[in-house]
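K.L.:
sequence plus the predicted model coming up.
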Amino acid sequence: MKIRPIADHIVLEPLEREEKTKSGIILPETVEKERPERGKVVAVGPGRRTEEGRVVPLEVKEGDLVVFTKYGPHEVTIEEKEYLVAKEEDVLAVLEE
């Protein structure tokens, strides 16, 4: 099954947080895990429609790694895999190397 977002929605595959800190300390599984704030863009909608009816394309594209607001996206499960569906305004930045 394929997911196709509408309007200015974006489907994200959440990236898990590091299990190890920068100083090398391994975090135990008992540590409460927070919702991820980074993800990979899996699919994007066609764009936001203006009041005049014109479609404004999204700034992100499939494959981008992004930082998004912690509680903005909605969790969905498709074929037993977890995804997040967010609006473009929930994306804060694109990560570049």
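P.N.:
Perfect, thanks for sending it.

K.L.:
okay, the residue located most distally from the centre of the chain: pLDDT?
P.N.:
Of all residues in the chain, Glu52 has its C-alpha farthest from the mean position, at 28.5 Å, by CA atoms, centre = their mean. Per-residue confidence (pLDDT) for Glu52: 95.

K.L.:
can you tell me the helix or strand for it?
P.N.:
Assigned by DSSP states H and E, Glu52 falls within no helix or strand.

K.L.:
how about the strands in this protein?
P.N.:
According to DSSP state E, the chain carries its strands in the segments 9-14, 38-44, 48-49, 55-56, 65-68, 74-78, 81-87, 91-95.

K.L.:
which residue lies nearest the spatial centre of this structure?
P.N.:
Leu12 (3.4 Å).

K.L.:
show me what the residue lying closest to it once chain neighbours are set aside is bridged to.
P.N.:
Using CB to CB, 6 or more residues apart in numbering and skipping residues adjacent in sequence, the residue nearest Leu12 is Gly39, 3.6 Å away. Every C-beta, even on glycine, is put in place using the N, C-alpha and C of the backbone. Beta-bridge partners for Gly39, by DSSP bridges, are Pro14, Val66.
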